[in-house]
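In: here is a sequence together with a model predicted from it:
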Amino acid sequence: MSKSSFYHYLGSKEALFDTVVSEVGAALVAALDIPDPGELVGDDFWSRIAPILDRLMVLGQREVWFTDLGRLFYLADAPSGEGSTLGRALAGVDEWLEQTLAAGRASRAVRDDLPTSLQRHLTFAVLRAMDDWSLRHMEDLDTQQRRRLAEAQLDTIRRLLAPARA
């Protein structure tokens, strides 16, 4: 495609970035089949969370464009402001996480002695750090190592959020 054709259809590199994030992100969300947080309430809260990570891992191995999408989230110069597609995607994840933490609290699987906003902030930060590292090292890990890594990541989040023992 010529430069003039590109700018005629998309207008800018940022518009291309937003289109990719929007289109691939929508395909990933559809493929993940993310449950409504209200469906997670119950005695088996953590066992309902685990399949989401399993599906994400399988999809990342099967569809390289989903892994590439994840890497776009960590580009230093990615347009991630409030009005950007990436910013809206991150806000959506943050909102889902807040509702999921509420479901975890209702299930007594998540501690309630800290403000929810702090738990959400800590959990989101830890998940982003793990995700960024995993995406950077994906090619160095075989399937079994990836599975163990996903299990360790879930265990880390579970321990971060677990209710204090009496």
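Out: Thanks, I have the structure now. Because the structure is predicted, anything quoted here is derived from the model rather than measured.
In: pLDDT below threshold where in the chain?
Out: Counting by pLDDT under 70, the chain shows low-confidence ranges at 1, 6, 166.
In: give me phi/psi at Ile34?
Out: With angles defined as degrees, to the nearest 10, Ile34 shows backbone torsions of phi -70, psi 130.
In: ugh, wrong one, Ala164
Out: phi -60, psi 140.
In: and it, what is it in contact with?
Out: Going by Cβ atoms under 8 Å, 6 or more residues apart in numbering, Ala164 touches Arg111, Asp113. In this view, the C-beta of every residue, glycine as well, is placed from N, C-alpha and C.
In: the helices in this protein, which residues?
Out: 3-9, 13-32, 45-62, 64-72, 85-106, 116-137, 143-161 (DSSP state H).
In: CA atoms only: put the first one into CSV for me.
Out: Output for helix 3-9, consisting of C-alpha atoms alone and laid out as CSV, is shown next (Å, rounded to 0.1, in the frame of the first residue of the first chain):
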residue,chain,number,x,y,z
LYS,A,3,1.8,6.1,1.8
SER,A,4,-0.9,8.2,0.3
SER,A,5,-3.4,5.3,0.2
PHE,A,6,-2.6,4.5,3.8
TYR,A,7,-3.3,8.0,5.0
HIS,A,8,-6.4,8.2,2.9
TYR,A,9,-7.9,5.1,4.6
